[in-house]
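S.K.: sequence plus predicted model, see below.
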Amino acid sequence: MVEIGKKAPEFCLLDHKGKEVCLRDFAGKWIVLYFYPKDNTSG
């Protein structure tokens, strides 16, 4: 489980064009990660 203040684990996702984008692609840059809560939850 990811905790506040801890480094995010390495991961890759597809962008809106189908291109793979990985967290390592942003090394040395400031980014904001938002994890969408599961549908129909109070989160």
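M.R.: Done, it's in. Numbering: from 1, shown residues only.
S.K.: parallel or antiparallel, list what pairs with the helix or strand of the chain with the lowest mean pLDDT.
M.R.: Least confident helix or strand, the chain: strand 12-14 with a mean of 94, by mean pLDDT, DSSP states H and E. Strand 12-14 has its sheet partners listed here by DSSP bridges as strand 20-22 (antiparallel).
S.K.: so where's this protein uncertain?
M.R.: 43 (pLDDT under 70).
S.K.: grab the most central residue of this protein for me.
M.R.: What sits nearest the mean C-alpha location of the chain, by CA atoms, centre = their mean, is residue 33, with 4.8 Å.
S.K.: count the residues that sit near the closest residue to that residue other than its chain neighbours.
M.R.: Counting by CB to CB, 6 or more residues apart in numbering, residue 33 lies nearest to residue 8, which is 6.1 Å off, once chain neighbours are set aside. C-betas here are computed from N, CA, C, even on glycine. A count of neighbours around residue 8, defined by other CB atoms under 10 Å, yields 10.
S.K.: now do the SS call for residue 8.
M.R.: Per DSSP: H, G, I helix; E, B strand; the rest coil, the secondary structure class of residue 8 is coil.
S.K.: tell me the phi and psi of the closest residue in space to residue 21 that isn't next to it in sequence?
M.R.: In this structure, residue 21 finds its nearest non-sequential neighbour in residue 15, 5.1 Å apart by CB to CB, 6+ apart. Per-residue torsions, residue 15: phi -80, psi -180 (degrees, to the nearest 10).
S.K.: hang on, the earlier thing: and the residue nearest to residue 33, what does it touch?
M.R.: 2, 23, 33 (CB atoms under 8 Å, 6 or more residues apart in numbering).
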